[in-house]
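quick check, what structure comes out for this input:
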Amino acid sequence: MDTDALRWFQQVADGVTVTEVSELERVTQSGVSRALARLEAEVGTPLLRRSGRTLRMTRAGSELKRHVDAMLHQLDDGLAAVNQLIEPETGTVALAFELSLGTWLVPDLVSSFRAEHPHVQFELKQVRDERVTSLLGRAEVDLQISTVRPTDPAIQWRQLTVEPLRLAVASGHPLARRAQIHLAEVSSEEFVMLRPTSLLRQRCEDLCEAAGFLPAVRFEGDDLPTLRGFVAAGLGVAIVPALREGSPDAVTGPLRYVKIADPLALRGIGLTWSTERPLLPAAELFRVHAIDRAAARVLPAIAKRG
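Numbering: from 1, shown residues only. Model prediction:
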């Protein structure tokens, strides 16, 4: 079947007049009418009937329309995929990332990339810092920026940077003026932490255990802004990532971020992708860009108060 005829049938069935179709598609009205007639002849039954000045679907046309919509949608997806193969500068990158990286690292990488490739589009998907890589097994995600180092041999991981952890305290806390502390010094404090399924929660508990104590967790939250809010209210202290220059978090909240002297108070951030399917060119361009930018050490620096 002629795909033009199918598209014109789709438009007319959606209420567009033959005159409007001819103007949009730059073809004569008689050309559109002949194409629709050929389509009906191929199907073997009328698909459209005239009602005044407009054409409306017959019962057969309504039945066919559902399948035409699905078929043309799949065809357009296929054409877009082929276009990405031959035109990487107009492709789309499906990028997943943890919530805590969405205020500094992801904006930096995407903005610096689009300065060189302004026509590449992004589909951004936020995920929590769960203990497993959550989205790369699905075809709709090309790359993931995560603190989770995968164990699956089908997932490639490349470290981008190491993020120091800090002790967040309210500005009026006795430790607020300290430049540095050992975690053992806060063994009697009440803590605010993420949910137990969080990788950062596991890291915090491991750090406290290495310092010789189990933290007294009084409040749990789903994200870092919630933790910071509870700390600012004086409801406990929290181990959180250091603030970065340019991040909105770096200029808000009555908090102080004290350096932690314990040697393992940090977390690695990496870029992951599947080795079981090749990246489309636009995604490959971004993968190389992220790795090169990290190697050049031009990622946002630690904020002065972070």
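
got a list of contacts for stretch 192-202?
Outside stretch 192-202, the residues that touch it by CB atoms under 8 Å, 6 or more residues apart in numbering are 100, 128-131, 147-148, 204-205, 215, 217-224, 227, 230-231, 235-239, 241, 267. Using the backbone N, CA and C atoms, a C-beta is placed for each residue, glycine as well.

what does Thr28 show for phi and psi?
Backbone geometry at Thr28, expressed as degrees, to the nearest 10, gives phi -70, psi 150.

so what's it closest to, chain neighbours aside?
Spatial nearest neighbour of Thr28, excluding adjacent residues (CB to CB, 6 or more residues apart in numbering): Ser22 at 6.0 Å.

and the gap between that neighbour and Ala13?
Note on Ser22: its distance to Ala13, by CB to CB, to the nearest Å, is 16 Å.

what's the burial count for Lys304?
Residues contacting Lys304 under the criterion other CB atoms under 10 Å number 9.

ok, now Leu243?
When neighbours are defined as other CB under 10 Å, Leu243 has 26 of them.

correct me if wrong: it contacts Ile302.
Yes: here Leu243 reaches Ile302: they are 7.0 Å apart, a contact under CB atoms under 8 Å.

ranges for the strands of this structure?
For the chain, strands defined by DSSP state E occupy the ranges 48-51, 54-57, 92-98, 121-127, 143-146, 155-170, 180-181, 190-194, 216-221, 238-241, 255-260, 266-274.

which strands and helices sit next to the first one?
Counting contacts by 3 or more CB pairs under 8 Å, 6 or more residues apart in numbering; DSSP states H and E, the secondary-structure elements packed against strand 48-51 are helix 3-13, strand 54-57.

what packs against the longest one?
Think helix 3-13. Secondary-structure packing of helix 3-13 (3+ CB pairs under 8 Å, 6+ apart): helix 18-25, helix 29-43, strand 48-51, helix 59-86.

tell me who's in contact with the residue of the chain positioned farthest from its centre.
Distance from the centre of the chain peaks at Gly52, with 49.1 Å (CA atoms, centre = their mean). Applying CB under 8 Å, 6+ apart to Gly52 gives no contacts.

circling back to that earlier point, reformat the helices and strands packed on strand 48-51 as TSV; add mean neighbour count.
Below are the helices and strands packed on strand 48-51 laid out as TSV (neighbours: other CB atoms under 10 Å):
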stretch	mean neighbour count
helix 3-13	19
strand 54-57	16
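
looking at these, which is closest to Ile291?
For the helices and strands packed on strand 48-51, proximity to Ile291 was assessed by CB to CB; helix 3-13 is nearest, at 40.6 Å.
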